[in-house]
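>>> predicted model and sequence below, questions to follow.
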Amino acid sequence: MFSDHKTTNRYLALFAFIVSLIIYTLTLAPTASFWDSGEFIAVAHGLQVNHPPGAPFYSLVGRIFSMFMPAGYVAVSINFISALTSALTIMLLYLIVVRLVREWKGHPDQMDLMDKIGMYGGALVGALTFAVTDTFWFNAVEAEVYAMSMFFTAIVVWLALKWAENFDQKYNEKWLVLIAYMFGIAIGVHLLNLLALFFVALIIYFKFKDFELKSFLLMGAGAVLAFFSIYPFTIQNIPTIANSVNDLTYGLIGSITFLFLFMAAVAYAIYYTQKNKMRLANIIAICYAMILIGFSSYSVIMIRSIADPPIDENDPETAEAFISYLKREQYGATPILKGHNFDDNTGQINRESEEFFPRRYSSAPNHLDYYSRYNSDWSFFWDYQVNHMYIRYFNWNFIGREADIQGAGWRSGFEEPAYPNNKASNAYFFIPFLLGLFGMIYHFNSDWQRALAIMALFIVTGLAIIVFLNQTPYQPRERDYAYVGSFFAFSIWIGLGVTGLVDLIKSYANNKILGYAAVVFCLLASPVWMGSQNWDDHDRSNRYVAPDYARNLLESTAPNSILFTNGDNDTFPLWYLQEVEGVRTDVRIVCLSLLNTDWYIKQLRDQWSHESAPLPISLSDEEIERVTSGISQWQPQTIQIPVDKDMLREAFSDDQSYKESIGIKPDTSLSILQKGVDFEMPVDSLDDVVNWQLNGRFYGEDPQGNPIYYLQTQDRLILDILQTNNWLRPVYFANTVSSQSQLNLENYFRTEGKAYRVVPKNFGAGDDGYLNPEIFINRLEKFQFREWDNPDVYFDENIRRMLSNYRFIFMSLAMEYLEEEKADSAGYWLKWGEDKVPFRPDETNQSLKLLYSVRYAQVGLTEDATRLAESAEEILLESLNTNLDRFTEIETQFSRLSSEFESARAQGDISAQREIRSQLNQLNNEAQEYLTQVRTIRQSLTLVQYAYFQHGDTEKAVQLAEQVNQLMGSQFPGIPETIEESEAEIERYGLN
C-alpha cells in the first residue's frame with residue numbers, strides 16, 4: 001500500500017494540512033469577533049500599536065494579508081492568518097509524531113507494514129484530533145496571536161527533531177540557528193513560544209549524553225539561563241540598560257546608539273569565536289544574534305507610535321514608555337514566588353510581611369470573600385488554579401465540555417447533559433484522553449528520553465504557566481487559550497497511543513486488516529467524533545454580531561460626539577469599525593478602563609482621531625500625572641455646571657462660532673464641524689445649571705463608622721470633560737457602562753438607542769433615563785442585525801448576554817408608548833424587537849424572556865405572552881426541583897459537619913476545627929446561592945402564571961400554583977392562586 005517513505009509522508013502531511021485548512025476555512029469568522037480580535041484586526045491593517053506587550057510581527061503579517069483587500073474583506077483576510085497557521089501546525093504535528101516513532105523504530109523504509117500502519121495512522125489521528133480540539137479550533141478561526149504562536153511552537157519542536165536526526169552530520173548547527181531565529185520572530189507574536197526552549201534543551205542533551213544526574217542538572221541550569229537571557233534580559237532589561245546609559249551619559253550615548261553598540265558587540269563575538277575556533281561559543285553567539293534579529297520586529301512599535309496613529313496604546317515612542325510597554329506595567333505586578341498574601345485570621349491581605357509562593361494576593365473585596373473559602377494557599381492553588389483553571393480546560397479538550405457558560409465543568413457523555421440545549425455541550429466518552437494516556441505510557445516504555453522531552457513541554461506550557469499567571473478568582477472570560485501548548489503536547493501522545501495500539505495488535509495477531517481497522521476506528525472515535533460534536537459551537541461562518549453591535553452603538557450617537565465605553569467588548573469592535581470600515585469616524589470613543597492612564601488622557605487631549613477633534617480636557621501634563629498617580633478620597637458634594645444658552649444658540653447656528661468654541665482652527669473644512677449639534681430640543685427648554693449630588697465610590701468606613709468615598713481617575717476626567725465641554729459636543733455613555741461610572745447623572749440621561757446622552761435638562765427619569773420615542777426610533781432604524789435571527793448561527797454565552805441588553809431597550813420603547821396609551825405602537829416594537837433578536841433555545845436567562853412575556857401581556861398580545869411563558873415553564877420547574885434537592889442535601893451535610901465541629905472543639909483539635917470551619921463556610925455560601933436561585937425561580941414562575949391569567953388560561957395558572965406550592969412546601973412563600981393576587985404580585989415587582 002505504501003510507496004517510499006518520503007512520498008507517503010508528504011502526501012499524508014499534505015492531507016492533514018488540507019483537511020484542517022478546509023475545516024477552519026468553512027468555520028472561519030467573516031469579520032471581527034469580540035474580545036481582542038477587533039483590536040488586532042484594526043491594529044494590523046493600519047500598523048498601529050496594540051495593548052502591551054504588543055505583537056509587531058503578527059501586525060506586519062496582518063498588514064501584508066490585508067493591504068490589497070477591500071474594507072469589507074480585511075477582517076476575513078486577517079482571520080485567515082489564524083486558519084492558515086493552524087493548518088500548518090496540524091501538518092507539523094503529524095510530522096512530529098512520525099519523527100518521534102522513527103527515533104526508536106528506525107527508518108520507515110526498513111519497517112514492516114504493521115509498523116508503518118501504526119506510525120502513519122497514529123500521526124494522522126493525533127494531528128487531526130488536535131485540529132478539532134475545543135481550544136485550538138477556537139483560536140484557529142479568529143484574528144488572535146495564539147494560532148500563530150502555536151505554529152512557531154510546532155515548528156521549533158519539529159526543527160529540534162530534525163536536528164536530532166542530523167546531529168552527527170556536518171553543518172548540523174544550521175538547524176539550531178534556525179530554531180533561534182524562530183524564537184526571535186515568535187517574540188513578536190507571543191512569549192509562550194519561548195517555553196519550547198526546555199524541550200529543545202532535552203533533545204540536545206540526550207543526543208550527546210546518557211542520563212547522569214550531574215550533567216542533567218547542568219543542562220537544566222543552562223536551559224533556565226538561556227531562557228532568562230531571552231526573557232527578561234533581552235526583551236526587557238536591554239532596553240532598560242540602554243535608557244539608563246542614556247541618562248548616565250547625559251545623552252552622549254543615546255539609547256539607540258547603545259543598542260547599535262550592543263549588536264556590534266554580538267557581531268564581534270561571532271567573529272572572534274569563529275576566528276579562534278571556539279565552536280560552541282560561536283554557535284551560541286550566532287543563535288543569540290538570530291534571536292536579536294527576530295526581536296527587531298519590535299522596532300515597528302516605536303516607529304509607528306512616533307507617527308501618533310489613532311490606536312497607540314501606552315504611547316511607547318520614548319525609551320521610558322517603550323520599557324513600560326514591554327514590562328506590561330499598565331496591568332500591575334503579579335507576585336509569583338514571594339509577596340503579600342491573604343491572612344486567614346483577619347480576612348485581609350497582610351501588608352506587614354511577605355510569604356513564599358503567595359497565591360491569594362488580591363485585595364479586591366470579591367476576591368477576599370473567595371479566598372476565605374480556603375484554609376491555605378496550597379488548597380486554593382490546587383482547587384482553583386490547577387483544577388478549575390487548568391484541569392477543567394484539559395478535560396474540555398480531551399473528555400468533553402459541559403456548556404459554554406462561564407465556569408462550566410466537563411462531561412464525558414456517560415451522564416445526562418446538564419445543558420441539553422447548549423451547542424457547546426460536547427462529549428467524547430474519554431476516548432482522546434485514554435488514547436493520550438496510553439500513548440504517554442507507551443512512549444516512556446519505548447523511548448523514555450524523547451518522552452521526557454514531551455513531558456517537559458507538557459508541563460512548562462501547563463503547570464508552569466499556572467504558577468506564572470497566578471490567576472485571581474472571577475476571571476472575566478475563560479482562559480483555556482493560555483494552555484494550548486500543553487494540549488498540543490498531549491495530542492502527540494494521542495498519536496503515539498494509536499501507534500502503540502497497532503503495536504499491541506501486532507504482538508498478538510500480526511494482521512494488517514486488524515491494523516487498518518484499529519486506525520480507522522481511532523480516526524472515527526477521536527477526530528471524526530470530536531469534529532462532529534464541536535462543529536456547531538465552533539462554526540462562526542455567519543456570525544456578524546460584534547461589528548453590528550459596534551455599528552449600532554456608534555449609530556446611537558449624534559455627529560461629532562464623545563462616547564464613553566466600558567472595556568474590551570465595548571471598545572475593540574468599535575475601533576475595528578472605525579479603523580477598517582470607516583464607520584462613524586466622527587465619534588470619539590473614550591474607553592473608561594484606559595481613561596485611568598496618563599498616556600491615554602494626553603492623547604485624547606492633544607490628538608485628532610480622523611474627523612474627531614481633541615477632547616475638551618483642561619488638565620496640564622503635571623495635573624494629569626498627579627491625578628493618575630492613585631485614587632484619592634472624595635467628599636460627597638453637589639456638582640454644578642452652568643449652561644450658557646446664548647453661546648449654545650450661536651454655536652448651534654454658526655459654523656465659525658462653533659469651531660472657535662471647541663478650540664478648532666478656523667481653516668478646518670471638515671463637514672462634520674461646519675455646525676454644532678444641538679440637543680434636538682429648544683435651547684430655552686434646557687436648564688440654566690446642571691446640578692446633581694456626586695457621592696463617589698464607596699470604599700469602606702473609618703474607625704468612627706463614617707463612610708469613606710473615592711473617585712477613580714476616569715471619574716475625575718469625565719467630570720473635567722463635562723465641565724470643559726460647555727455642552728457643545730454631544731456626550732454619551734454606552735448603556736453597558738456600570739452605574740458607578742455614570743456618576744449619578746441618570747436624571748440627565750436621554751436614552752438614544754444603545755447609549756445615554758447627557759442633556760442639560762433634569763428629566764427626573766432615574767436609572768432608566770428619559771426616552772423620547774421619536775429620537776429613539778430615529779437611532780433604532782439605523783441599526784443592523786445581520787444573521788441575528790438565524791437559529792443555525794451559534795452565539796456563545798457572551799453574545800447571548802449582550803443580546804439581552806437589546807431586549808431591555810425594546811421593552812423600554814414599548815413601555816413609553818404604553819404610558820402614552822398607544823398599545824398598538826408598543827406591541828409593534830415588541831414584535832419588531834423579537835423578530836430582530838429572537839429568544840433562542842440555548843439561553844438560560846428565563847427571567848428576561850418572562851419579563852418580555854409580561855410586556856406582551858400588558859400591551860394586549862396575550863398569545864405571544866403565553867408562547868414565551870410556556871417555553872420557560874418546563875425548564876423552570878426542572879430547575880426548581882434540582883435546586884430544592886441540592887439545598888436539602890446541603891442542609892444535611894451542614895448538620896453533619898456542625899456535629900463534627902462540636903466534637904473537634906470538645907477535643908481541642910484546632911487543626912480539625914479550622915478545616916471543618918472552612919467546609920462549613922463553603923457550604924453556607926453554596927446554600928445561600930441555591931436559596932437565591934429558588935427565590936428567583938419562584939418569581940419567574942409567578943410571571944409565567946401572570947401570562948396564563950392574562951390570556952384567560954385560569955385553570956392552567958391555578959394548576960401551576962398548586963404544583964409549585966407543593967414542591968416548595970411551607971418554608972417558602974407560595975405563588976398566587978387568583979388573578980387578583982397575580983396582578984398584585986406583579987405590582988409588587990414594579991412591573992405594572
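Great, that's in hand. Because the structure is a prediction, the values reported are computed rather than measured. Residues are numbered from 1 along each chain as shown.

>>> now the helix or strand encompassing L124 - C-alpha only, CSV.
When elements are assigned from DSSP states H and E, L124 belongs to helix 113-131. Extracted as CSV, the C-alpha positions of helix 113-131 are listed here (Å, rounded to 0.1, in the frame of the first residue of the first chain):
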residue,chain,number,x,y,z
LEU,A,113,3.8,-3.0,7.1
MET,A,114,2.3,-3.1,10.6
ASP,A,115,4.8,-0.6,11.9
LYS,A,116,4.1,1.7,9.0
ILE,A,117,0.4,1.5,9.6
GLY,A,118,0.9,2.3,13.3
MET,A,119,3.3,5.2,12.6
TYR,A,120,1.3,6.9,9.8
GLY,A,121,-2.1,6.1,11.2
GLY,A,122,-1.1,7.3,14.7
ALA,A,123,0.4,10.5,13.4
LEU,A,124,-2.7,11.2,11.4
VAL,A,125,-5.1,10.5,14.3
GLY,A,126,-3.0,12.7,16.7
ALA,A,127,-2.8,15.6,14.3
LEU,A,128,-6.4,15.6,13.3
THR,A,129,-7.6,15.1,16.9
PHE,A,130,-5.7,18.3,17.9
ALA,A,131,-7.2,20.0,14.8
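
>>> ok, and what's touching the very next helix or strand once past that helix?
Per DSSP H and E, helix 113-131 leads on to helix 134-140 as the next helix or strand towards the C-terminus. Defining contact as Cβ atoms under 8 Å, 6 or more residues apart in numbering, one finds that helix 134-140 is touched by 23-24, 27, 82-83, 86-87, 89, 130-131, 146-147, 150, 393, 396-397, 401, 426, 480-481, 483-484, 487-488, 534, 538. Any C-beta I mention is one placed from the backbone N, CA and C, and that applies to glycine too.

>>> coming back round to it: could you say what helices and strands the helix holding L124 packs with?
Using 3 or more Cβ pairs under 8 Å, 6 or more residues apart in numbering; DSSP states H and E as the contact criterion, the elements in contact with helix 113-131 are helix 5-26, helix 71-105, helix 431-446, helix 484-508, helix 512-523.

>>> and the contacts of the helix or strand containing A651?
Using DSSP H and E, A651 sits in helix 645-653. Helix 645-653 is contacted by residues 657-658, 661, 675-678, 683-684, 686, 688, 726-728 when judged by Cβ under 8 Å, 6+ apart.

>>> do that again at 7 Å, thanks
For helix 645-653, the surrounding residues in contact (Cβ atoms under 7 Å, 6 or more residues apart in numbering) are S657, Y658, S661, G676, D678, V683, D684, L686, N726, W727, L728.

>>> before we move on, the earlier item: which among the contacts of helix 134-140 count as buried?
Neighbour counting with 16 or more other Cβ atoms under 10 Å marks 23-24, 27, 82-83, 86-87, 89, 130-131, 146-147, 150, 393, 396-397, 401, 426, 480-481, 483-484, 487-488, 534, 538 as buried within those.

>>> so which elements touch the longest strand seen in the chain?
What stands out as the longest strand in the chain, according to DSSP state E, is strand 348-356. In this structure, strand 348-356 packs against strand 338-343, with contacts taken as 3 or more Cβ pairs under 7 Å, 6 or more residues apart in numbering; DSSP states H and E.

>>> pLDDT on the strand it packs on, on average?
On average, the pLDDT along strand 338-343 is 90.

>>> the longest strand of the chain to strand 338-343, inter-axis angle?
Strand 348-356 and strand 338-343 are oriented at 140 degrees to each other (axes from the mean of the first three to the mean of the last three Cα atoms, to 10 degrees).

>>> other residues contacting strand 348-356?
Outside strand 348-356, the residues within contact range by Cβ under 7 Å, 6+ apart are L337, K338, G339, H340, N341, F342, D343, Y361, S363, L368.

>>> export the next helix or strand after that strand as CSV, just CAs?
Where DSSP H and E defines the elements, the next helix or strand beyond strand 348-356 is helix 365-371. Taking C-alpha atoms only, helix 365-371 is exported to CSV below (Å, rounded to 0.1, in the frame of the first residue of the first chain):
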residue,chain,number,x,y,z
PRO,A,365,-13.4,42.6,48.0
ASN,A,366,-14.9,39.8,46.0
HIS,A,367,-11.5,38.1,45.8
LEU,A,368,-11.1,38.3,49.6
ASP,A,369,-14.5,36.7,50.0
TYR,A,370,-13.5,33.9,47.7
TYR,A,371,-10.1,33.4,49.4
